[in-house]
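Fold the following.
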Amino acid sequence: MSAPADVVLRGTATDTYLVLDDRDRIVSVSPRLHHDLVHWLGHVLWDHLPAAKEIYGPCFDEARTSGQPVESVVFYSGRVKRLTAIPGADGLAVHVEHLAEVDVTSLATLTQSLEHVEAALAARVPEQPDPQERASLQALP
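Numbering: from 1, shown residues only. Take a look at the predicted model:
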């Protein structure tokens with residue numbers, strides 16, 4: 001029997017996630033993101049982050065099309081993030097893990113930032129969710 005998606009999500013995306021419906025409308029956010037994103041509830045994600053659609057969208061589309069969790073490391077707005085998109089029958093859970101900021105103030109700070117990004121990526125071997133796990137996202141807190 002498959003575990004509920006919220007159990008799978010908590011195993012890989014402990015505290016920073018949001019849930020999107022099939023039109024990328026935000027239907028739920030984790031308690032940790034609630035303060036920052038509560039005013040986005042019910043809105044299409046791209047209305048607030050229009051430039052992110054071409055960066056985040058392919059990861060979301062692949063997860064929905066394949067029916068499998070998809071992980072992607074993305075650079076957006078000066079930050080490097082790891083996205084894990086987990087499809088469910090009633091939406092797409094998206095875990096966002098902040099990996100690093102990229103400081104382009106000078107060549108030295110850029111170099112230091114990129115070294116930090118490289119170290120963060122090398123040190124973190126992601127725990128892959130069970131691709132067979134699919135269930136409702138309704139039970140997310």
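
Show me where this structure dips below the pLDDT cut-off.
For the chain, the stretches with pLDDT under 70 are 1-14, 124-141.

where do the helices sit along it?
5-12, 31-37, 45-48, 53-66, 107-123 (DSSP state H).

Compare those and give me the one nearest residue 24.
For residue 24, the closest of the helices of the chain is helix 45-48, at 4.9 Å, according to Cβ to Cβ. All C-beta spots, glycine's among them, are computed from the backbone N, C-alpha and C.

list the buried ones in the closest one?
45-46 (16 or more other Cβ atoms under 10 Å).

go on, stretch 62-71?
In stretch 62-71, counting by 16+ other Cβ under 10 Å, buried: 63-64, 68-71.

cool, and stretch 112-126?
Those would be 113, 116-117, 120, for stretch 112-126 by 16+ other Cβ under 10 Å.

Run through who's touching that stretch.
12, 71, 73, 80, 82, 84, 99-104 (Cβ atoms under 8 Å, 6 or more residues apart in numbering).

Would you show me how to pick out the buried ones of these in PyMOL?
Buried residues within the contacts of stretch 112-126, by 16+ other Cβ under 10 Å, are selected in PyMOL with:
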select buried, resi 12+71+73+80+82+84+99+100+102
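
Can you lay out the contacts of stretch 112-126 as TSV showing distance to residue 48?
Output for those, formatted as TSV (distance: Cβ to Cβ, whole Å):
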residue	distance to residue 48
12	24
71	23
73	22
80	20
82	20
84	20
99	21
100	22
101	20
102	21
103	24
104	24
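
that older thread, of the helices of the chain, give the one that comes closest to residue 89.
Here helix 5-12 is closest among these (Cβ to Cβ), at 8.3 Å.

what about the closest residue to residue 33 other than its chain neighbours, neighbour count?
Leaving out its chain neighbours, the residue that sits closest to residue 33 by Cβ to Cβ, 6 or more residues apart in numbering is residue 16, at 5.7 Å. Counted with other Cβ atoms under 10 Å, the neighbours of residue 16 add up to 17.
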